[in-house]
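Trainee: Return a 3D structure for these sequence lines:
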Amino acid sequence: MAIKRIHTGSPFEAKIGYCRAVVAGGFVHVAGTVGQGGDVVEQCRAALETIEKALKEAGSSFEKAVRVNYYLPDAAEFEACWPILTEVFGANPPAATMVECNLIDPKYRIEIELTCLA
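Mentor: Have a look, this model is predicted:
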């Protein structure tokens, strides 16, 4: 089975030893992705932009999403992201889970992990 690894050049990729996405077994597995910005909405948009670039390189798209996990240090902030997520996934929403937990740095308000069909 062929495996394709997609790197975005994030300094965390080299420091931690991972890549943004891996295409294997008919799926694109996108690593937990944070975005830059001052609040959860800006960070959500930025994370989705990074994910979209990786999906395009993998030959996939949000329309092929089958599973998404959202990680937030404060679950109360999640609702502010709902309109963005509805816009991105449109008529093809994936199965989803939201987990309240600590992230790698307190400045991050949301991390998004996604699995799509290749």
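
Trainee: what's the weakest-modelled helix or strand in this structure?
Mentor: Lowest on mean pLDDT, DSSP states H and E among the helices and strands of the chain sits helix 11-12, with a mean of 82.

Trainee: Next secondary structure after that helix?
Mentor: Counting by DSSP states H and E, the element after helix 11-12 in chain order, helix or strand, is strand 21-24.

Trainee: What is whatever helix or strand comes next after that following strand packed up against?
Mentor: Counting by DSSP H and E, the next helix or strand C-terminal to strand 21-24 is strand 27-34. Secondary-structure packing of strand 27-34 (3 or more C-beta pairs under 8 Å, 6 or more residues apart in numbering; DSSP states H and E): strand 21-24, helix 40-58, strand 65-72, strand 111-117. Heads up, the C-betas are built off the backbone N, CA and C, glycines and all.

Trainee: If we use 10 Å, what do you get?
Mentor: Contacts defined by 3 or more C-beta pairs under 10 Å, 6 or more residues apart in numbering; DSSP states H and E place strand 27-34 against strand 4-6, strand 21-24, helix 40-58, strand 65-72, strand 111-117.

Trainee: got a list of contacts for the least confident helix or strand of the chain?
Mentor: Outside helix 11-12, the residues that touch it by C-beta atoms under 10 Å, 6 or more residues apart in numbering are 18, 20, 31, 34, 104.
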